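In: Need coordinates for the following:
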Amino acid sequence: MPLLGVGLLLRAFLINLSANRLIETVASVLGFIKIGGIIVFGIVGVFIADSIEMGAGNDAPTPTITGFLGATALGILAFKGFTTITNSGSELKDPKRNLGKAITISIALCVVIYALVGFAVASNLSLPEIIETQDYSLAAAARPALGEAAVAFTVILAMLATAGGIIASVFAVSRMLAMLTEMKLVPHRHFHMPGSVQMHTLVYTIVFGLVLTAFFDLSRIAALGIIFYLIMDMAIHWGVLRHLKDRVGANPVIPSIAILLDAVVLIGFLWVKAISDPMVLIVAGVVMATLLLGEWIFLSKRDASNDSEHSHTHLPLIAL
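Out: Numbering: from 1, shown residues only. Now for the predicted structure:
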């Protein structure tokens, strides 16, 4: 699996080196295949099942509030795709009009698709079977629902879906990093690489992805992602409340509720991981502390440099 992941990231890197139109075409085609395939599986799985009730079984674990919150945190990743849209906002035509529409359509599709998938899986697998198969429950559910051929179809569909998501995410993240670099909010080194700043941030994004893929399994990558994502989300909402509320005309109630819900879900998820996989929390803490310290040092030096240049520029005027 790590070798497949590394190969996928390298392929995504090559595609992102090409023109924007090719990236858009590949991501769009894979997106249509993914959405269409999952909808077909969900509809067929629900229709051929005797019921859409999940069989708990005698050996099913006892549900807990913290377990529910942890699952909710992972479920948030299903809706993360709309941030890819916002990070690529500069690439959209008429972004002020189309950005909101794209986000709304994305969230609506996620609700419908994941509800169908949930019903299809729950109709064909018991809860212990879903827990046992974990990342492969969709393929496992396809066997009783549609036969052995459906398993291969589901695996191919999952690979295409992953490829499309990686290509789109790499595209969006590298552009976001390039924007932050141009705003002088993050450090940047060329390392003698040719090309634009965005080309360099693309390389950095792929390298970070390769490290994660090589040393962590899917569950741990998802866990790290949800911890970083929820904390980032809370920080952005706090920034809107404190600095941008009047400028963007934000209703303070909405980001306040978002911060509260993010905190509740994050606490539940951290509690679950502290019991089941504390290594994830250690890695997340070390990485975030390193980023925070590095960013603080970088911004301090930048501010000091700006103050020095500002004073140097005005000294002759003062002397005059």
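In: nearest spatial neighbour of the residue nearest the centre of the chain, skipping sequence neighbours?
Out: The centre of the chain sits closest to Lys80, judged by C-alpha atoms, centre = their mean, with a distance of 4.9 Å. Computed as C-beta to C-beta, 6 or more residues apart in numbering, the closest residue to Lys80 that is not its neighbour in sequence is Tyr229, at 6.5 Å. Quick note: C-beta positions are derived from backbone N, CA and C, even for glycine.
In: Surely the one you found touches Ile76?
Out: Yes. Assessed by C-beta atoms under 8 Å, Tyr229 is found in contact with Ile76 at 7.1 Å.
In: okay, the residue nearest to the centre of the chain: pLDDT?
Out: We have a pLDDT of 74 for Lys80.
In: Can you list phi and psi of it for me?
Out: phi -70, psi -20 (degrees, to the nearest 10).
In: ok, it to Thr162 distance?
Out: Lys80 sits at a distance of 14 Å from Thr162 (criterion: C-beta to C-beta, to the nearest Å).
In: ok, now Ile35?
Out: From Ile35 to Thr162 the distance is 14 Å (C-beta to C-beta).
In: and what of Leu210?
Out: 15 Å.
In: ok, which stretches of the stretch 151-300 of the chain are strands?
Out: Using DSSP state E, counting those that start in this stretch, the stretch 151-300 of the chain contains no strands.
In: pLDDT weak spots in the stretch 101-250 of the chain?
Out: 135, 145-146 (pLDDT under 70).
In: Am I right that Thr66 is in contact with Trp271?
Out: Yes. Taking contacts as C-beta under 8 Å, Thr66 lies within contact range of Trp271: 4.8 Å.
In: got any residues that touch both of the two?
Out: Jointly contacting Thr66 and Trp271 under the rule C-beta atoms under 8 Å, 6 or more residues apart in numbering is no residue at all.
In: Quick one: residues contacting the residue nearest to Lys80.
Out: With contact taken as C-beta under 8 Å, 6+ apart, Tyr229 is in contact with Ile76, Leu77, Lys80.
In: tell me which of these is nearest to Ser126?
Out: Here the nearest of the contacts of Tyr229 to Ser126, counting by C-beta to C-beta, is Leu77; it sits at 24.3 Å.
In: Which pLDDT value goes with that closest one?
Out: Note on Leu77: pLDDT of 78.
In: related to what we said a few turns ago, of all the contacts of Tyr229, which comes closest to Ala139?
Out: Nearest to Ala139 among those, with distances taken as C-beta to C-beta, is Leu77, at 19.0 Å.
In: my guess is the closest one meets Ile221, correct?
Out: No. Leu77 lies out of contact with Ile221 (C-beta under 8 Å); the separation is 10.3 Å.
In: more neighbours, the two?
Out: Using other C-beta atoms under 10 Å as the criterion, Leu77 and Ile221 rank with Ile221 on top: 16 against 13.
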